[in-house]
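A.B. asks: please find the sequence and the predicted model below.
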There are 2 protein chains.
Amino acid sequence: MGLFTGEFRNTLDDKGRVSLPARLRSEVTGSTVIMTQGIDKCLWLFPPEAWNDFSKKLTESVSVFHARTRLVQRRIIAPAQDIEIDKAGRIGIPQSLREFAGLTKECIILGINRYMEVWDAEQYRLYWQENEEDFQAAAEELGTILF
Amino acid sequence: MGLFTGEFRNTLDDKGRVSLPARLRSEVTGSTVIMTQGIDKCLWLFPPEAWNDFSKKLTESVSVFHARTRLVQRRIIAPAQDIEIDKAGRIGIPQSLREFAGLTKECIILGINRYMEVWDAEQYRLYWQENEEDFQAAAEELGTILF
DNA sequence: ATAACATGTGGGAAAAAGTGGGAAAAGATA
DNA sequence: TATCTTTTCCCACTTTTTCCCACATGTTAT
């Protein structure tokens, strides 16, 4: 099973489509991906098998009668959509997801091993502006496991 | 068996009708859904089979001699109505349910695997405004299951 | 260098989906 | 019964989505 890696910049067109970079596309088995809201201001893309694993972990042995379950389901499960990769290798991003991630024109697509992320280029810049320090601190903590 | 997913925004018209998004409609077998009051300020929509499962669990496993059981039953079971999907793919929402969910014009329709939810757009915004923090906390805990 | 291919981008045309509203049918009120 | 309101059924318009094809750019191979 291939892993997704790489950082790419592609443009969202007027019809809400963006090319899935060929390097990432070639790791997707089949012609659909599942797209949903990420935890930060980005979208998550999963190949079907990975999504099944993930959503199963999220939904099994939880009850709709717990408020926290409903939060997670509404925020992660509900926005998920099956997206077909078209003949030109693009994915059409539904309006609600475009709005969530604040996508305008320039997009950053990230390969993160078992899934991918789509960011608005400007939002991604802001994300790093706000979190660069935290990253440095986190890296210090990780020190123990790095070689 | 297909699962419902996706977040959609449709408008309630003057006659109290709202389109069931095609992506969701295509997963409904038959031409009716069961609609009832949800646990938050929203409506729940079930395909007939799922409703049978759900309402059976709700009524079988608990006793009518417990006050809490009667609360749940009056709140979930009693308001349930069979709703026909019309030729244009819309559902007419009864006035009492419209009032319960505070539906005005803009509606959010969610697919949550085995059932669907209908929210007033503004109410849904308020819901997230109140619960975003709780979600972030829940997400931190979920961190361990993310691959 | 040129041809052949791969990749990303744009746009036209057809189909599908969402929305509004008229008219018939059913029901309520006096 | 006659009138008025509400509901249901159907049609039509508008917007959105989908499916194709075409082009530009960059890379690889001959």
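C.D. replies: Received the coordinates, thanks.
A.B. asks: how would you label the residue sitting nearest the centre point of chain A: helix, strand or coil?
C.D. replies: In chain A, the C-alpha closest to the average C-alpha coordinate belongs to A:Trp44, at a distance of 1.6 Å (CA atoms, centre = their mean). When the structure is split into helix, strand and coil by DSSP: H, G, I helix; E, B strand; the rest coil, A:Trp44 lands in strand.
A.B. asks: so who does it touch?
C.D. replies: Neighbouring residues of A:Trp44 by CB atoms under 8 Å, 6 or more residues apart in numbering or on different chains: A:Met35, A:Thr36, A:Gln37, A:Gly38, A:Tyr115, A:Met116, A:Glu117. Every C-beta, even on glycine, is put in place using the N, C-alpha and C of the backbone.
A.B. asks: now, which of these lie within strands?
C.D. replies: Per DSSP state E, strands hold the following members of the contacts of A:Trp44: A:Met35, A:Thr36, A:Gln37, A:Tyr115, A:Met116, A:Glu117.
A.B. asks: so A:Ile85 sits right up against A:Val33, yeah?
C.D. replies: Yes. In this structure, A:Ile85 is within contact of A:Val33 by CB atoms under 8 Å, at 6.8 Å.
A.B. asks: so for the two, which residues contact both of them?
C.D. replies: Residues touching both A:Ile85 and A:Val33 (CB under 8 Å, 6+ apart) are A:Leu20, A:Ile91.
A.B. asks: returning to what we had before: tell me which of the ones in strands among the contacts of A:Trp44 is nearest to DNA strand C?
C.D. replies: Nearest to DNA strand C among those: A:Met116, at 12.9 Å, using CB to the nearest atom of the strand.
A.B. asks: who does the closest one bridge with?
C.D. replies: Beta-bridge pairing of A:Met116, defined through DSSP bridges, involves A:Leu45, A:Gly111.
A.B. asks: Serialize the contacts of A:Trp44 to a markdown table and add fields for neighbour count and pLDDT.
C.D. replies: Formatted as a markdown table, the entries for those read as follows, by neighbours: other CB atoms under 10 Å in any protein chain shown; pLDDT from 0 to 100:
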| residue | neighbour count | pLDDT |
| --- | --- | --- |
| A:Met35 | 23 | 96 |
| A:Thr36 | 24 | 96 |
| A:Gln37 | 21 | 95 |
| A:Gly38 | 20 | 93 |
| A:Tyr115 | 22 | 93 |
| A:Met116 | 28 | 95 |
| A:Glu117 | 19 | 96 |
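A.B. asks: redo those as a markdown table? Include distance to A:Asp53.
C.D. replies: Formatted as a markdown table, the entries for the contacts of A:Trp44 read as follows, by distance: CB to CB, whole Å:
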| residue | distance to A:Asp53 |
| --- | --- |
| A:Met35 | 16 |
| A:Thr36 | 14 |
| A:Gln37 | 18 |
| A:Gly38 | 17 |
| A:Tyr115 | 10 |
| A:Met116 | 15 |
| A:Glu117 | 17 |
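A.B. asks: A:Phe135 falls within a helix, correct?
C.D. replies: Yes. Going by three-state DSSP, the assignment for A:Phe135 places it inside a helix.
A.B. asks: before we move on, back to that, more neighbours, A:Ile85 and A:Val33?
C.D. replies: Just comparing A:Ile85 and A:Val33: by other CB atoms under 10 Å in any protein chain shown the higher neighbour count belongs to A:Val33, 24 against 17.
A.B. asks: and the two most separated of the ones in strands among the contacts of A:Trp44?
C.D. replies: The largest distance within the ones in strands among the contacts of A:Trp44, taken as CB to CB, falls between A:Gln37 and A:Met116 and amounts to 13.8 Å.
A.B. asks: where's A:Gln73 relative to B:Arg23, distance?
C.D. replies: Taken as CB to CB, to the nearest Å, the spacing of A:Gln73 relative to B:Arg23 amounts to 17 Å.
A.B. asks: which parts of stretch A:93-108 are buried?
C.D. replies: Taking 16 or more other CB atoms under 10 Å in any protein chain shown as the neighbour-count basis, stretch A:93-108 is seen to contain the buried residues A:Ile93, A:Pro94, A:Leu97, A:Arg98, A:Phe100, A:Ala101, A:Leu103, A:Glu106, A:Cys107, A:Ile108.
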